[in-house]
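*Asks:* Build me a structure from this.
(2 chains)
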2 protein chains.
Amino acid sequence: MSTQNSPLIRKLGAYVSLSDPELAVLEKFHQHRRTFVDKNDLVYEGQTDPSAYILAKGWVCSYKLLRGGGRQIVDFQIPGDFLGLRSVLFRTADHSIEPIKTVEASEVKIKDIFGAFETCPRLATAILWAASADEAIVVERLVSLGRRNATERVAHLLLELGARLKLVGLAKEGSYECPLSQYLLADALGLSAIHINRVLRQLREEGLLTFRDGIVTFDNLEKLVELAGFDTAYLDYEGPMLK
Amino acid sequence: MSTQNSPLIRKLGAYVSLSDPELAVLEKFHQHRRTFVDKNDLVYEGQTDPSAYILAKGWVCSYKLLRGGGRQIVDFQIPGDFLGLRSVLFRTADHSIEPIKTVEASEVKIKDIFGAFETCPRLATAILWAASADEAIVVERLVSLGRRNATERVAHLLLELGARLKLVGLAKEGSYECPLSQYLLADALGLSAIHINRVLRQLREEGLLTFRDGIVTFDNLEKLVELAGFDTAYLDYEGPMLK
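*Replies:* Below is the predicted model:
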């Protein structure tokens, strides 16, 4: 696959019109591609000098374990997302990253990222933007756990994933493939799997959304956006800001 | 006040050993200093082309309003923190920022930040690190709301603020000035003000922490850290990573 069409380039290209030298630098980021199987953490909390990765294929979840054994899923990552960039900057991983089914990811050394900033400072802007978008997603999840009811939480997360997948060319109009189990949704949204099941049934019966056989379909996008209070301002772009 | 000792420089300097040209660029960031009084948002959600600020004096809170009228405080910012950097990158503010009492902040234009990346790429690394630390703080708040009980949430937040203030030279050993009301703590932690009051009394009676007359004092730091499951990995530094 040409990396010209890689999800990372599609994503950063939505923010910055990428020049040939910038594309060449991003291409170099994809040299060390590796495969990871599910249940085997790419990065584990507390790991020192962890690597960063760019997810190329498949989904992962990032999570934190608590002393009592509970876990909080912080976010799901999709192709084009950086994995563990924050942990690399901190020198110690502050969260774990687990593949959901088999994934492919390119390992990126921190010195290559810093080197890219030296030669292509606009890439620094693009990566800062991508990190900010990641933060905005966590903020939305915080608002969900703090202030949204179960139905709103599920609707918001599934809308958000749709918008993110669309940005990297992995969603069809109104539907997308989604490998998340009800257990994973539960661990991300502070609900039980049974509660998730009930909410999904309710959303389907009300003609808003269907999640079946690994496919999420928006049956009534407008009403769903209204229900979730979903605002795409943090994900949607009318075109590159930096030409 | 010399900006050489500004909280921003102390903070970024904890991550990157700053050279004279880098210090000069950061100094320029402080040219447009303004005063804001409480209850008057510096930035409001939905605002287009908002400014970014560096907080110089006082505390602010960043928050999101929900349709039902509820609000979720996302975080509190202290001197040295960027305000609204994410919103500038998105061209539309995705949250509001409100002063807690009167604050002073320097307005920074996005073109000055991008310009700094061109001339001093290491500053891009430092600012990416600062943005990542902000994200780590939101992640911790997410874990608090998802998995920590009321006592752990309060203890974790007050320990975290202590560590952040220490980094910019605004905490004494084991205590710091804190302008937060119980209402603000409640809006950040998904609790009621009455609950916050009860938790603070309990922490005091158990000899762990006292929050009185605007001063937080850690009476038994070790036990408090243990109780909150507080790990400073995302805030503590043994010295600059980039010399």
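*Asks:* quick one: A:Thr119 and chain B, what's the gap?
*Replies:* Applying C-beta to the nearest C-beta, to the nearest Å, the value for A:Thr119 to chain B is 9 Å. All C-beta spots, glycine's among them, are computed from the backbone N, C-alpha and C.
*Asks:* Help me confirm that that residue comes into contact with A:Leu26.
*Replies:* No: counting by C-beta atoms under 8 Å, A:Thr119 does not reach A:Leu26; the two are 11.7 Å apart.
*Asks:* Specify which residue of the two has the higher count of neighbours.
*Replies:* Neighbours per residue (other C-beta atoms under 10 Å in any protein chain shown) separate A:Thr119 from A:Leu26, with A:Leu26 holding more: 22 against 12.
*Asks:* Just the element for the more buried one, please.
*Replies:* Assigned by DSSP states H and E, A:Leu26 belongs to helix A:20-28.
*Asks:* That helix - contacts with which helices or strands?
*Replies:* Contacts defined by 3 or more C-beta pairs under 8 Å, 6 or more residues apart in numbering or on different chains; DSSP states H and E place helix A:20-28 against helix A:7-13, helix A:110-119, helix A:121-147.
*Asks:* And what about A:Tyr176, helix, strand or coil?
*Replies:* Following DSSP: H, G, I helix; E, B strand; the rest coil, the label given to A:Tyr176 is strand.
*Asks:* State the number of residues packed around it.
*Replies:* For A:Tyr176, the count of nearby residues is 21 (other C-beta under 10 Å).
*Asks:* I figured it hits A:Leu167, correct?
*Replies:* No: if you go by C-beta under 8 Å, A:Tyr176 and A:Leu167 don't touch, sitting 11.6 Å apart.
*Asks:* Let's check: the centremost residue of chain A is which one?
*Replies:* Per C-alpha atoms, centre = their mean, the C-alpha nearest to the average position across chain A is that of A:Gln77, at 2.9 Å.
*Asks:* how close does it sit to chain B?
*Replies:* Using C-beta to the nearest C-beta, A:Gln77 is found at 14 Å from chain B.
*Asks:* what does A:Leu142 give?
*Replies:* Distance, A:Leu142 to chain B, by C-beta to the nearest C-beta: 5 Å.
*Asks:* Now that residue. Nearest residue, chain neighbours left out?
*Replies:* Spatial nearest neighbour of A:Leu142, chain neighbours left out: B:Leu142 (4.9 Å); criterion: C-beta to C-beta, 6 or more residues apart in numbering or on different chains.
*Asks:* now do A:Arg67
*Replies:* Excluding the flanking residues, the one nearest A:Arg67 by C-beta to C-beta, 6+ apart is B:Gly229, at 5.4 Å.
*Asks:* count of residues packed around that neighbour?
*Replies:* Residues contacting B:Gly229 under the criterion other C-beta under 10 Å number 18.
*Asks:* Hmm, it is touching B:Glu152, no?
*Replies:* Yes: counting by C-beta under 8 Å, B:Glu152 is a contact partner of B:Gly229 at 6.7 Å.
*Asks:* Would you mind extracting the C-alpha trace of the helix holding A:Leu26 into CSV?
*Replies:* Taking C-alpha atoms only, helix A:20-28 is exported to CSV below (Å, rounded to 0.1, in the frame of the first residue of the first chain):
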residue,chain,number,x,y,z
ASP,A,20,6.4,16.6,-0.9
PRO,A,21,9.2,16.9,1.7
GLU,A,22,6.6,16.6,4.5
LEU,A,23,5.1,13.5,2.9
ALA,A,24,8.6,12.0,2.6
VAL,A,25,9.2,12.5,6.3
LEU,A,26,5.8,10.9,7.2
GLU,A,27,6.6,8.0,4.8
LYS,A,28,9.7,7.4,6.8
